[in-house]
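1. following is a predicted model, sequence given first.
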Amino acid sequence: MEKDISIELSSIFVIFGGTGDLTKRKLIPAIFSLMYENKLPEKFTIVSIGRREKTNIQYREEMYQFTKKFSRFPLNDKLWNDFSKKIFYKNFDFTTDNNGYKNLDLFLEGMETKYLTGGRRLYYLAVAPEFFEGIIRNLKNNNMVSKETGWQRIMIEKPFGSSLKTARILNHNISKLIPEEDIFRIDHYLGKEMIQNILAIRFGNSLFEPLWNANYIDNIQITSNELLGVENRGAYYENAGILKDMLQNHLLQMLTMIAMEPPVDFDSESIRDEKVKVLRSLRPFTSKSFKEDIVRGQYGERTVDGVKLVGYRQEEKVAKDSNTDTFIALKTYIDNFRWGGVPIYIRAGKRLDTKSTEIVIQFKKLAGINYYKEFNKIGHNLLVLKIQPQEGFFFQINAKKPGNDFKMEKVELDYCQSCKYVNDSPEAYERLLLEAIRNNSSLFTRWDELEYSWKFIESIEKEYENSITNYPNYAAGTSGPEEAIKLIKKDGREWWNTSPYEGV
């Protein structure tokens, strides 16, 4: 395998929460994959921190089992032996033990001398949000994020705050400790291959960008359906719900990529500047529009072929009378020159009948075709971007059906990326880790993006108290509440449910 010389900086990857699921299932396998592909320098090492007592050998063996299961590349003894030597485990209570930070800094300095990493450290906070500020404060107080040599960056998992108010407080407190340019707030959807492909499709093809406006686009649909329920995340979900778990971050980020203006260049700040403009232009909900344009839902129990599917209220650590949403569908608008009047339909839910995340751009029909009786029943032109589990896109057009009669049929120009590049598409965390080391912040969320997304969410949440819920209102393993279909049908439209690629 040819060495990728685009990365020349050695560094230390420090993980707070080294024994958690995120580290086991995503981070360590992602780093292994980057090493496998020679995307990282040889003098790159990992230091995991946890509160459980483990030796380096014990920790490495545990990581071996998870990497073997979750890495997209096969393991063999030599590969793992070379990789495992780069993994170290330190045990201390990072919530209270200041001496633990002092000892950690001494250990890291020793590693920097040994591996010649020059003070370059990437701290990853794979912990609950309530620990973010405390960890960063301890790092600051122990001079671990303000060294004169190298760089020190901090990667923070979502959620960033639980409301606009708490997000502002958290950002204010963190910003006093470390500059904004050294904070990398993660939304793992931004690391997905097809999310990155949105910019390539839009700005790399003369076919689409001239039509990318209210004159030619009828509506935009963003869908994220999940087969699974909340499972062991009941406690988290009771506080977040679908609104904060999906809409505030993943779904709004996808919308910004679809709706943003062409950036001045592809530098990270130019891209994020345009994304902020979209969020600022989102029409907030009023009491009237909340009642008319939002559908909420929660899944209930259901028996299928003798197998009982539990409802949300029967999930572990969920209140028996919980009114937490597990589904949302809404219609909103972007009030700017490009998108004025184009409805944006967004829906997301758990425990549905399909697993699919996709974006559908529905183009308008030409007014003149109404004069051709042969064209009365033609379909809409659609551009469908498939995010997961399949990756790819297709463009639906209309063509004549073979035969003596002039009859039309829908034709799909199909590109299945996950079929063509099996196991070649990097996982989201691989890309995010690599770009943080490269100091490319375009895949990470800037504070003003978060602030405006929270403002939009707040316009919805403030109406919750006055709304009436009758939960559960859809059965597990179904398509969601009937009201979601009525929401779009009353506009004379329908939700597009595109079929998955065969064989994937």
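-> Nice, I can see it.
2. the nearest residue to Gly297 once chain neighbours are set aside bridge partners, please.
-> Closest residue to Gly297 apart from its sequence neighbours, by CB to CB, 6 or more residues apart in numbering: Phe327 at 3.3 Å. Just so you know, the C-beta spots here come from the backbone N, C-alpha and C atoms, and that holds for glycine as well. Phe327 has these beta-bridge partners by DSSP bridges: Gly297, Gly349.
3. if I look at Phe327, how far off is Asp448?
-> 29 Å (CB to CB, to the nearest Å).
4. how about Arg51?
-> Counting by CB to CB - Arg51 and Asp448 are separated by 35 Å.
5. now do Glu463
-> 24 Å.
6. could you pull out the helices for the stretch 351-500 of the chain?
-> Along the stretch 351-500 of the chain, counting by DSSP state H, counting those that start in this stretch, helices occupy 417-420, 428-437, 447-461, 482-489.
7. higher neighbour count, Phe327 and Asp448?
-> Phe327 (29 against 16; other CB atoms under 10 Å).
8. surely Leu40 and Ile31 touch.
-> Yes: at 7.4 Å, Leu40 counts as touching Ile31 under the criterion of CB atoms under 8 Å.
9. these two: which is more packed in?
-> Ile31 (27 against 21).
10. wait, the more buried one touches Ser11, no?
-> No: counting by CB under 8 Å, Ile31 stays clear of Ser11, with 11.6 Å between them.
11. where does the prediction get shaky in the stretch 401-504 of the chain?
-> 418, 420-426, 499-504 (pLDDT under 70).
12. same thing but at 80, please
-> Scanning the stretch 401-504 of the chain for pLDDT under 80 picks out 404-410, 417-426, 498-504.
13. contacts for stretch 393-406?
-> Residues from elsewhere that reach stretch 393-406, judged by CB atoms under 8 Å, 6 or more residues apart in numbering: 194, 197, 201, 374-375, 378-386, 407-415, 417, 498.
14. which of those are buried? Put it as a PyMOL command.
-> With 16 or more other CB atoms under 10 Å as the criterion, this PyMOL line picks the buried residues out of these:
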select buried, resi 194+197+201+378+380+381+382+383+384+385+386+408+415+417+498
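15. quick one on the thing from earlier: could you dump the helices of the stretch 351-500 of the chain to a markdown table with distance to Trp80?
-> Conversion of the helices of the stretch 351-500 of the chain to a markdown table gives the following (distance: least, CB to CB, whole Å):
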| stretch | distance to Trp80 |
| --- | --- |
| helix 417-420 | 27 |
| helix 428-437 | 18 |
| helix 447-461 | 38 |
| helix 482-489 | 47 |
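16. who wins for proximity to Arg283 among these?
-> helix 447-461 (8.7 Å; CB to CB).
17. next, the buried residues of the closest one.
-> Neighbour-count burial for helix 447-461 [16+ other CB under 10 Å]: 447-454, 456-457, 459-461.
18. what do you get for stretch 326-338?
-> For stretch 326-338, by 16+ other CB under 10 Å, it's Thr326, Phe327, Ile328, Ala329, Leu330, Lys331, Thr332, Tyr333, Ile334, Arg338.
19. and these as TSV, adding distance to Ile183 and pLDDT?
-> Output for these, formatted as TSV (distance: CB to CB, whole Å; pLDDT from 0 to 100):
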residue	distance to Ile183	pLDDT
Thr326	31	97
Phe327	32	98
Ile328	29	97
Ala329	33	98
Leu330	30	98
Lys331	34	98
Thr332	28	98
Tyr333	31	98
Ile334	27	98
Arg338	30	97
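20. and which of these is nearest to Lys114?
-> Looking across the buried residues of stretch 326-338 and measuring by CB to CB, the closest to Lys114 is Thr326, at 49.1 Å.
21. Leu27: what secondary structure?
-> The local conformation at Leu27, judged by DSSP: H, G, I helix; E, B strand; the rest coil, is helix.
22. try Phe160
-> Applying three-state DSSP: Phe160 is coil.
23. per-residue confidence averaged over the strand or helix carrying Ser224?
-> Using DSSP states H and E, Ser224 maps to strand 217-225. Here strand 217-225 scores 97 as its mean pLDDT.
24. list the buried ones in the next helix or strand after it?
-> Using DSSP H and E, the helix or strand that follows strand 217-225 in sequence is helix 234-242. Buried residues in helix 234-242, counted by 16+ other CB under 10 Å: Gly234, Tyr236, Tyr237, Glu238, Ala240, Gly241, Ile242.
25. residues in contact with the helix or strand that comes right after helix 234-242?
-> Per DSSP H and E, the first helix or strand lying C-terminal to helix 234-242 is helix 252-259. By CB under 8 Å, 6+ apart, the list of residues contacting helix 252-259 from outside reads 187, 189-190, 195, 198-199, 220, 222, 274-275, 278-279, 282, 334, 338-339, 344, 346, 359, 361, 387, 445, 449, 453, 456.
26. quick one: mean pLDDT for stretch 118-135?
-> Average pLDDT, stretch 118-135: 93.
27. distance from stretch 394-408 to the middle of the chain?
-> In terms of CA atoms, centre = their mean, to the nearest Å, the centre of stretch 394-408 is set 37 Å apart from its chain centre.
28. let's see it as CSV, backbone CA atoms only.
-> Output of stretch 394-408 as CSV, limited to C-alpha atoms (Å, rounded to 0.1, in the frame of the first residue of the first chain):
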residue,chain,number,x,y,z
PHE,A,394,-30.3,8.3,-8.6
PHE,A,395,-32.0,10.7,-10.9
GLN,A,396,-35.5,9.9,-12.0
ILE,A,397,-36.6,11.1,-15.5
ASN,A,398,-39.4,10.4,-17.9
ALA,A,399,-39.0,8.6,-21.2
LYS,A,400,-41.1,6.9,-23.9
LYS,A,401,-42.0,3.2,-23.2
PRO,A,402,-41.0,0.9,-26.1
GLY,A,403,-43.9,0.0,-28.4
ASN,A,404,-46.2,1.5,-31.0
ASP,A,405,-48.2,3.6,-28.6
PHE,A,406,-46.8,6.8,-27.2
LYS,A,407,-46.7,5.9,-23.5
MET,A,408,-44.4,7.3,-20.9
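29. now do the buried residues in that stretch.
-> So stretch 394-408, judged by 16+ other CB under 10 Å, has buried residues Phe394, Phe395, Gln396, Asn398, Met408.
30. show me the beta-bridge partners of the fourth one.
-> Which is Asn398. Residues in beta-bridge contact with Asn398 (DSSP bridges): Lys410.
31. SS state for Ala30?
-> helix.
32. what's the answer for Lys90, then?
-> strand.
33. tally of neighbours for it?
-> 19.
34. that one touches Ile46, doesn't it?
-> No: using CB under 8 Å, Lys90 and Ile46 do not qualify as a contacting pair, with a distance of 11.1 Å.
35. find the residues that touch each one of these two.
-> By CB under 8 Å, 6+ apart, no residue touches both Lys90 and Ile46.
36. confirm Arg347 sits in a helix?
-> No: counting by three-state DSSP, Arg347 is not part of a helix but strand.
37. chain neighbours aside, what residue packs nearest to it?
-> Ala329 (3.9 Å).
38. looking at this, that neighbour is in a strand?
-> Yes: Ala329 forms part of a strand when assessed by three-state DSSP.
39. nice, that's everything, thank you.
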